[in-house]
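[1] here are the coordinates; sequence isn't available:
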């Protein structure tokens, strides 16, 4: 296959095959004859270019999605572990609860709920926070993308759209608590 055909096939190539191609191209660049090394450089640059284009396309796609849609997308890409499921259900079923209480409800010790929930967010950072790798977010900052920090709730609650998405995805056993309405006359 000609180098141009190899380069043209990159967008449809699996990640595994791209990695094999990269390995072979690096070996050819380092050990091949001049023409082989030149072709290998072209392949390596094309691999970089395709990765940049795909990353930009994914960023553009994610930028148009709501946080709830990104949550759903992130759990399609990286299904929840049993511990992550437990952390999600704990907050979905117990909105307005302190982190310490969520830890107890989950059966953990010493602020474990925060650790598990923030680690879950960090694992899905590329989808939840589709920014450049040079601007990584702390796990706690990523957790705040999903937590309602409006001050209307005491304790921790998910943002309404995020909670709705988690419920649509099958997380949570209890029905949503309705807001209390006060009658003023």
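    Thanks, I have the structure now. From a predicted model like this one, the values you see are computed outputs, not experimental measurements.
[2] residue contacts, the residue sitting nearest the centre point of the chain?
    What sits nearest the mean C-alpha location of the chain, by Cα atoms, centre = their mean, is residue 124, with 2.4 Å. Residues near residue 124 by Cβ atoms under 8 Å, 6 or more residues apart in numbering: 74, 75, 77, 78. For the C-beta atoms, the positions are set from N, CA and C on the backbone; glycine is no exception.
[3] please, a PyMOL command that selects the buried ones among those?
    Of the contacts of residue 124, the buried ones can be selected in PyMOL as follows, counting by 16 or more other Cβ atoms under 10 Å:
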select buried, resi 74+75
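[4] please identify which of the contacts of residue 124 is nearest to residue 58.
    residue 77 (10.6 Å; Cβ to Cβ).
[5] how near is the closest one to residue 103?
    27 Å (Cβ to Cβ, to the nearest Å).
[6] what's the longest helix that the chain contains packed up against?
    Using DSSP state H, we find that the single longest helix of the chain is helix 34-63. Applying 3 or more Cβ pairs under 8 Å, 6 or more residues apart in numbering; DSSP states H and E, we find helix 34-63 packed against helix 3-9, helix 15-31.
[7] which secondary element of the chain has the worst mean pLDDT?
    helix 139-143 (a mean of 75; mean pLDDT, DSSP states H and E).
[8] what about residue 145, how many neighbours?
    Residue 145 sits with 18 neighbouring residues when counted by other Cβ atoms under 10 Å.
[9] give me every residue that touches it.
    Residue 145 touches 67, 121, 128, 129, counting by Cβ under 8 Å, 6+ apart.
[10] pull the most distant pair out of the residues you listed.
    67 and 121 (11.3 Å).
[11] wait, residue 26 sits on residue 40?
    Yes. Here residue 26 reaches residue 40: they are 7.2 Å apart, a contact under Cβ atoms under 8 Å.
[12] the two: who's more crowded?
    Between residue 26 and residue 40, counting by other Cβ under 10 Å, residue 40 is the more crowded of the two (22 against 14).
[13] per-residue confidence at that one?
    Looking at residue 40, its pLDDT is 93.
[14] report the separation between it and residue 90.
    From residue 40 over to residue 90 (counting by Cβ to Cβ), the distance is 52 Å.
[15] equivalent analysis for residue 160, please.
    Residue 160 sits 18 Å away from residue 90, going by Cβ to Cβ.
[16] have a look at the two and say which one is more surrounded.
    residue 90 (24 against 13).
[17] check which helix or strand covers that one.
    Per DSSP states H and E, residue 90 falls inside helix 82-93.
[18] can you check residue 162 too?
    helix 160-168.
[19] return the list of helices and strands in contact with that helix.
    Contacts defined by 3+ Cβ pairs under 8 Å, 6+ apart place helix 160-168 against helix 67-77, helix 82-93.
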